[in-house]
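**Student:** Show me how the following folds:
(2 chains)
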Amino acid sequence: MNFADLWKRSRIGIIAVALALVVGILLLLVAGANPFEALGVIIDGSLGSSIRIGDTLMVWAPLVLAAAGLLITFAAGLWNIGVEGQITFGAIAASLVAREVSGPTWLIVTLALLAGLFGGAFWALLAGLLRTYGKVNEIFGGLGLHFVATALAVYLVLGPWKRAGVASTSGTEPFPRESWLPTVGSTRLSWLAIVVAVASVFGVFYLLRGTRFGLRLKAVGKNMRSAFLLGIPTGPYMLAAFALGGGLAGLAGAIQATGFHHKLVPSISGGYGFLGILVAMLAGYAARWIAPIAFVFAMLAVGSTLLPLKLGLDSSVGGVLQGVLVLFTVLAQGWQSRRRNRADEAALGPPEPPVIPGEVG
Amino acid sequence: MDVTLASILAASTPLIFVVIGETITEKAGVINLSLDGTVLLSAMVGFAGAYESGSVIVGFAAAALVSALAALLVAYSSIALRLNQVAVGFVLFQLTGELSAFLGDPYVRIPGPTVTYRPIPLLEDIPFIGKIFFQHDLIVYGSIVLIFLTYWFMFRTRRGLKLQAIGERPEAAHSRGMPVNRLRYLYAAVGGGLVGIGGAAYSLGAKIGWSEGHTTGLGWIALAIVIFGGWHPYRAAFGVYLFGALQFSAIKLQDVFPDLTQVLGTLPFPIMIFTLVLVYSDRVRSLTDRYPALRGILGSDPPSAIGTRFDVD
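**Tutor:** Model prediction:
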């Protein structure tokens, strides 16, 4: 492959990243900060020590899980915006186990992760049932359930599960130590969270590329009517996509609760569901790109939290850069396909005049 | 009672602008899913603009401009770039929300200008009614005028008919010589501008000031109310006031259940969305099929061409 080919293939990505960088630098200059200093803080804050790398990976793991789950629902042509609620409900289910079950760590942790998996799947199935049987658009059914899950978390944190004596939005009493995900050294990194996240990427990759189920699911997503006419039960397939995607989101919530916060907090989802949608879009809905993109996003998220302290900038810089990057990538894809269409039209000449039925023959 | 209704009316004002704006945009066939972020950004820009210039009008204008640009970007991606409106809208939701936090950092919790209270002479003295409707600021009166004006425009003028045509049957509209895509740009911008005015009406009127996440969740509620309202300005306004009443009762109930203060504040959001679910359900649909007279009240059919793009060739 020569350089011209390489440029042609990666042009879109390079243009998008360059545009995003320019906009990011301009924004930082407007805010009166040195962009390179800010970048340095972000890199140092996310990779500067073993503890920071551990923190970054503990953002990476739930983000990867959410994004991997979203690939399944996207494959079925569904906008699972309720993913935030599925993370929250998974975390609530895992918290219940962590609080109520006593026993050896391996048992509690296994049960808590399973509870997260099934909790998230259950919450997603509710949105799926509304979609398939109630004709409710999954965006709004999912959002409603997201608000319900958040209200439930707030209620538990301030009500039945409140800290002894004082109810505070800072969270419940920390779980007993036996229910914490085992960590590596003095970091917050849990090898189990990493294993689960990596397995989810391989699992989703295989599911969508190598199985009959995945192929038929994509048929449902591409053209539901044709899939139905070909004999694919579209309703059950969509429900299965919701359950699988929601299950992975619920696992992300379980990791948030038992591996990161070690308690239930009102904003337990960390916004990783919405962020996961951006990761999936940037990855072009392809499983092989999920892990690296989620890592860059996790770096931006963790590194930015140091910006207020070091440079007096708001920590939303990371989020702005993520958004700008995805926006320009999406727009650049549009620009490219428009150019290609125009080139095709020029090569083919004017389109054939339409044949009017009845006039032929 | 009159005080209660007056405060619900005032508190609902920003959402009226947002919901009517999005109704107009969607009527033209463009769905702007970024509302939850654009309302935040326009609330922040409105406050910052008014703070820096000392003029509330500059604040509203800046907010309308920013929000109209966001809506235009959704329309452009769909019309010119053939991208999915939902995808672009979602990215913009995230980006504008984060931008509001980033750019709004210097303006957090500082006092700034607000719209001035301006009771209408004579009318304000009418018992009961006067207190509810005529003792507010200009933006509240503006919201009420907007509801009727939008209805009149949509259903009683030629231009309004064209607006419906490009959202319902773009092919037919095109063959009648209407510039479908140019009109879509126009109504995306108009609707987006109204959304921006709504955002600024929060930070300058109904929920004074700026802090991170000042209006979080309200954009999603607005999108739900547009559907609940069946893309009709009167029903949409009814949905907004219903949500306002729900929020008001939630606050009142906090005195009764002090333990549940935080939970009650979050409840109107799911309640509103599940009301929407009911409106959408098959049972309501079969009811309106059987009794067509009910369709105006209960039915909710989106503009046929919503979210799709229209290619001339």
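
**Student:** Stretch A:158-173 and chain B in contact?
**Tutor:** Yes: residues of stretch A:158-173 contacting chain B under C-beta under 8 Å from any C-beta of the partner chain: A:158-159, A:167, A:169. Yep, even glycine has a C-beta here, placed from its N, CA and C like the rest.

**Student:** Please spell out the PyMOL selection for the buried subset of those residues.
**Tutor:** Buried residues among those (16 or more other C-beta atoms under 10 Å in any protein chain shown), as a PyMOL selection:
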select buried, chain A and resi 158
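
**Student:** Just flag the most distant two among the residues of stretch A:158-173 next to chain B.
**Tutor:** Among these, the pair separated by the greatest distance (C-beta to C-beta) is A:G159 and A:T169, at 12.0 Å.

**Student:** Give me the contacts around stretch B:111-128.
**Tutor:** Contacts with stretch B:111-128, where a contact means C-beta atoms under 8 Å, 6 or more residues apart in numbering or on different chains, come from B:2, B:47, B:50-51, B:54-56, B:59, B:130-131, B:133-139, B:141, B:201, B:204-205, B:208-210.

**Student:** Kindly check the end-to-end length of that stretch for me.
**Tutor:** 33 Å (C-alpha to C-alpha, to the nearest Å).

**Student:** Return the list of helices and strands in contact with the lengthiest helix in chain B.
**Tutor:** Longest helix in chain B by number of residues (criterion: DSSP state H): helix B:2-27. Packing contacts for helix B:2-27, counted by 3 or more C-beta pairs under 8 Å, 6 or more residues apart in numbering or on different chains; DSSP states H and E, involve helix B:35-53, helix B:129-133, helix B:138-156, helix B:158-168, helix B:180-201, helix B:218-228, helix B:233-256.

**Student:** Can you list the buried residues in that helix?
**Tutor:** B:5-6, B:8-27.

**Student:** Stretch A:33-50 too?
**Tutor:** A:33, A:35, A:38-39, A:41-42, A:45-46.

**Student:** same question, stretch B:82-97
**Tutor:** B:83-97.

**Student:** Intersect these with the contacts of chain A.
**Tutor:** Within the buried residues of stretch B:82-97, those near chain A by C-beta under 8 Å from any C-beta are B:83, B:86-88, B:90-92, B:94-97.

**Student:** Close to chain A: what parts of the stretch 151-300 of chain B are there?
**Tutor:** So the stretch 151-300 of chain B meets chain A at B:212, B:217, B:220, B:223-224, B:227, B:259-260, B:262-263, B:266-267, B:269-270, B:273-274, B:276-277, B:280-282, B:285 (C-beta under 8 Å from any C-beta).

**Student:** State the distance from the residue lying closest to A:L28 once chain neighbours are set aside to B:D301.
**Tutor:** For A:L28, ignoring the flanking residues on the chain, the nearest one in space by C-beta to C-beta, 6 or more residues apart in numbering or on different chains is A:P35 at 4.3 Å. Remark: distance between A:P35 and B:D301 (C-beta to C-beta, to the nearest Å) = 50 Å.

**Student:** Equivalent analysis for B:A48, please.
**Tutor:** Counting by C-beta to C-beta - B:A48 and B:D301 are separated by 40 Å.

**Student:** so B:N32 makes contact with B:T25?
**Tutor:** Yes: using C-beta atoms under 8 Å, B:N32 is in contact with B:T25, at 5.4 Å.

**Student:** Show the low-confidence segments of chain B, by residue range.
**Tutor:** Flagging of chain B using pLDDT under 70 yields the residue ranges B:277, B:280-283, B:293-300, B:313.

**Student:** that older thread, let's see which of the residues of the stretch 151-300 of chain B next to chain A end up in helices.
**Tutor:** B:220, B:223-224, B:227, B:262-263, B:266, B:269-270, B:273-274, B:276-277, B:280, B:282, B:285.

**Student:** and the two most separated of those residues?
**Tutor:** So, these by C-beta to C-beta: farthest apart are B:Q262 and B:R285, at 36.4 Å.

**Student:** From the buried residues of stretch B:82-97, pick the one nearest B:R156.
**Tutor:** Closest to B:R156, out of all of those and judged by C-beta to C-beta, is B:Q85, at 28.6 Å.

**Student:** which ones are touching that closest one?
**Tutor:** By C-beta under 8 Å, 6+ apart, the contact set of B:Q85 is B:30-33, B:74, B:77-78, B:307, B:309.

**Student:** same thing but 10 Å
**Tutor:** B:29-34, B:74-75, B:77-79, B:306-309 (C-beta atoms under 10 Å, 6 or more residues apart in numbering or on different chains).

**Student:** Out of these, which are close to chain A?
**Tutor:** Among the contacts of B:Q85, the ones lying near chain A by C-beta under 10 Å from any C-beta of the partner chain are B:31, B:33, B:77-78.

**Student:** re the thing from before, weed out the non-buried ones from the residues of the stretch 151-300 of chain B next to chain A.
**Tutor:** Judged by 16+ other C-beta under 10 Å, buried ones among these: B:212, B:217, B:220, B:223-224, B:227, B:260, B:262-263, B:266-267, B:269-270, B:273-274, B:276-277, B:280-281, B:285.

**Student:** quick revisit: pick out whichever of the buried residues of stretch B:82-97 sits closest to A:L70.
**Tutor:** Among those, and counting by C-beta to C-beta, the member closest to A:L70 is B:F90, at 11.5 Å.

**Student:** quick revisit: which one among the buried residues of stretch A:33-50 sits at the bottom for pLDDT?
**Tutor:** Confidence by pLDDT is poorest for A:A33 among the buried residues of stretch A:33-50, given 84.

**Student:** which ones are touching it?
**Tutor:** A:25, A:27, A:41, A:307, A:310-313, A:317.

**Student:** Looking at those, which are in strands?
**Tutor:** For the contacts of A:A33, not one is inside strands, with DSSP state E as the criterion.

**Student:** Kindly indicate whether A:S168 is helix, strand or coil.
**Tutor:** Using DSSP: H, G, I helix; E, B strand; the rest coil, the structure places A:S168 in coil.

**Student:** quick check, distance from the helix or strand harbouring A:K8 to the centre of its chain.
**Tutor:** A:K8 belongs to helix A:3-30 when assigned by DSSP states H and E. Remark: helix A:3-30 is offset 23 Å from the chain centroid, using C-alpha atoms, centre = their mean, to the nearest Å.

**Student:** helices or strands up against it?
**Tutor:** Using 3 or more C-beta pairs under 10 Å, 6 or more residues apart in numbering or on different chains; DSSP states H and E, the elements in contact with helix A:3-30 are helix A:35-47, helix A:317-348, helix B:85-103.

**Student:** please redo it, this time with the cut-off set to 7 Å
**Tutor:** helix A:35-47, helix A:317-348 (3 or more C-beta pairs under 7 Å, 6 or more residues apart in numbering or on different chains; DSSP states H and E).

**Student:** Could you list the contact residues of the stretch 51-200 of chain A toward chain B?
**Tutor:** Proximity of the stretch 51-200 of chain A to chain B, by C-beta under 7 Å from any C-beta of the partner chain, involves residues A:79, A:130, A:134-136, A:140-141, A:143-144, A:147-148, A:150-151, A:154-155, A:158-159, A:169.
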